[in-house]
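1. Dropping the sequence and predicted coords here.
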Amino acid sequence: MKHFLLPAIVLVWMQLPASLICAEPEFEPAQPAEFEHAGIIRAWKTYADVLSFGKGQTLALLDDGCTMSRPEWQGDKVKVAYDAMDGDNDPKHEGKGYHGSAIGIPSSVNHAGKHGVAFNNQLAIVRSLECCHCKISDSASLARALQWVIDHHAEHHITTVNLAPVDDKEHAGPVPTEIDAELATLRELGIWVSAPAGNHGFTKGISWPASQPNCFAIGAVMPGKDIATLDRHAKLDLLVPAKATSSSNAIVCGAAMILREAIEKSGYNWKTEAPNIAEAMMIIFQKTGKPVKDTPTKQTYRRLDLMAALSHVMKK
């Protein structure tokens with residue numbers, strides 16, 4: 001009886017889908033279409049045994065506060081919290097704040113099977129202004145938040161800053177403000193700082209603070225299509241698949257953390273690219289990114305391809 005039963009079991013086993021035979025734990029991308037388009041899911045699979053995807057690095061989220069009781073931010077995910085407006089350690093939303101509770105999801109979430117780009121990272125949540133839809137006058141509190149990062153980056157291993165606010169204006173050039181000195185210092189330190197370009201379809205300028213020197217300006221392509229969308233201008237540094245540039249910026253912040261780890265593990269000589277590692281990483285993303293021609297702005301931008309960037313670094 002056993003001799004007849006065993007072949008039958010084997011036959012049934014061979015006919016099962018591979019996904020059932022080699023069942024993997026639940027692993028859901030926070031934004032499936034966007035991550036697939038940006039080469040993130042492929043990068044996860046290819047370098048699963050090589051990279052830690054954010055472990056040991058902290059991402060500073062500079063936004064309008066956070067609901068710290070959300071389940072995504074429990075455990076050790078949040079390493080430190082600070083309120084640069086009130087000078088205390090409680091970054092709760094006040095006034096019109098709402099945005100910062102969720103902006104860390106695409107870059108960092110690791111909860112209930114859902115994964116952000118650098119899902120093993122930690123967060124420094126810094127309330128930096130009242131509302132993410134800001135005004136130039138918010139530069140004072142933003143400067144204090146950036147200075148806090150400068151003062152504490154070594155202590156908390158902050159390698160990356162998501163400067164999340166947008167003023168929803170069409171700036172064709174920089175607007176001198178109180179944050180510029182801090183941005184310059186962070187760039188010299190090699191800390192990645194990027195901001196969303198804005199979501200209004202502007203083609204002659206982008207939002208502040210993305211408009212500023214030493215802040216990478218991140219735009220968007222439609223998920224699944226290499227078509228530039230939302231706000232863009234010659235100042236734009238990189239496009240990322242997303243429905244809003246706040247999400248595209250969050251995604252690239254996670255990607256920058258993974259690329260940094262790949263550079264460290266591979267021994268890639270980033271100094272041949274730029275005088276600091278933050279600029280070097282952007283150059284690598286641009287070199288390896290997909291060209292996207294945009295007729296309205298008469299520009300050719302580059303779209304993030306994390307897998308291509310990692311391959312470039314790891315092969316070296």
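-> Received the coordinates, thanks. Numbers count the residues shown, from 1 in each chain.

2. C-alpha only now, for contacts and for neighbours.
-> Noted.

3. Any stretches of this structure with poor pLDDT?
-> Scanning the chain for pLDDT under 70 picks out 1-26, 316.

4. ranges for the helices of the stretch 201-316 of the chain?
-> Counting by DSSP state H, counting those that start in this stretch, residue ranges of the helices within the stretch 201-316 of the chain are 245-266, 277-288, 306-315.

5. Out of those helices, the one nearest residue 120 is which?
-> Nearest of the helices of the stretch 201-316 of the chain to residue 120, taken as CA to CA: helix 245-266 at 10.0 Å.

6. buried stuff in that closest one?
-> Buried residues in helix 245-266, counted by 16 or more other CA atoms under 10 Å: 245-263.

7. ok, back up a step: with distance to residue 236 added, can I get the helices of the stretch 201-316 of the chain in JSON lines?
-> Formatted as JSON lines, the helices of the stretch 201-316 of the chain follow (distance: least, CA to CA, whole Å):
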{"stretch": "helix 245-266", "distance to residue 236": "12"}
{"stretch": "helix 277-288", "distance to residue 236": "11"}
{"stretch": "helix 306-315", "distance to residue 236": "18"}
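
8. now stretch 200-209, how far from the chain's geometric center?
-> Centroid displacement of stretch 200-209 relative to its chain, using CA atoms, centre = their mean, to the nearest Å, is 19 Å.

9. Using neighbour counts, pick out the buried residues of that stretch.
-> Neighbour count says stretch 200-209 has 200, 202-209 buried, by 16+ other CA under 10 Å.

10. what two of these have the greatest distance between them?
-> Greatest spatial distance in the buried residues of stretch 200-209: 203 and 209, 16.6 Å, computed using CA to CA.

11. Excluding chain neighbours, what is closest to residue 158?
-> Excluding the flanking residues, the one nearest residue 158 by CA to CA, 6 or more residues apart in numbering is residue 58, at 4.5 Å.

12. show me the contacts for that neighbour.
-> 79, 121-124, 156-160 (CA atoms under 8 Å, 6 or more residues apart in numbering).

13. One more: residue 66?
-> 91-93, 98-102, 125, 127.

14. What about those, which one has the most neighbours?
-> residue 127 (32 neighbours; other CA atoms under 10 Å).
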